[in-house]
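Q: With the input below, show me the fold.
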Amino acid sequence: MVNLISALPLSVIPKPTPVVPPQAQGLLTVLNWASGIGLVLGVLGVIIVGIGMVIQLRRGEGGESIGKLGWVLAGCIIITGASGIVTAFA
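A: Predicted coordinates:
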């Protein structure tokens with residue numbers, strides 16, 4: 001029995017190229033602003049966690065802030081990779 005999908009030549013499968021319509025420029029501006037604000041807040045979060053780590057180190061509490069730093073960095077990675085993540089699932 002022959003599989004119909006494997007019998008088709010690969011040149012038949014279309015590969016569309018996405019084109020952003022001109023009406024979406026406002027939405028793209030909002031997305032760019034949101035991404036920029038998210039990254040600024042991410043840098044601010046790293047600074048705040050760093051300050052907390054210094055204060056905790058002075059108190060002798062050591063590395064309790066490492067988990068918070070991991071969450072902040074994970075958020076920054078998600079923000080910067082958001083378009084790639086959406087493209088991978090689309």
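Q: ok, longest helix in this structure?
A: Longest helix in the chain by number of residues (criterion: DSSP state H): helix 25-59.
Q: Give the buried residues for that one.
A: 42, 45-46, 49, 53 (16 or more other CB atoms under 10 Å). Where you see a C-beta, it was placed from the backbone N, CA and C, and this is true even at glycine.
Q: Now it: average pLDDT?
A: Helix 25-59 carries an average pLDDT of 87.
Q: starting at the chain centroid, how far to it?
A: On the basis of CA atoms, centre = their mean, to the nearest Å, helix 25-59 sits 13 Å off its chain's mean C-alpha point.
Q: Stretch 63-83 now?
A: 10 Å.
Q: Please spell out which residues along it are buried.
A: So for stretch 63-83, counting by 16+ other CB under 10 Å, buried means 65, 69, 72, 75-76, 79.
Q: next one: stretch 83-90
A: Under the neighbour-count criterion of 16+ other CB under 10 Å, stretch 83-90 has nothing buried.
Q: Pull out the C-alpha coordinates of that stretch and format them as PDB.
A: The C-alpha trace of stretch 83-90 is given here as PDB (Å, rounded to 0.1, in the frame of the first residue of the first chain):
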ATOM      1  CA  SER A  83       8.200  36.200  18.400                       C
ATOM      2  CA  GLY A  84      10.300  33.100  18.000                       C
ATOM      3  CA  ILE A  85       8.100  31.100  20.400                       C
ATOM      4  CA  VAL A  86       4.900  32.200  18.600                       C
ATOM      5  CA  THR A  87       6.400  31.400  15.200                       C
ATOM      6  CA  ALA A  88       7.400  27.900  16.400                       C
ATOM      7  CA  PHE A  89       3.800  27.100  17.400                       C
ATOM      8  CA  ALA A  90       2.100  28.900  14.500                       C
END
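Q: Tell me which residues are up against that stretch.
A: Contact with stretch 83-90 is made by Ile78, as judged by CB atoms under 8 Å, 6 or more residues apart in numbering.
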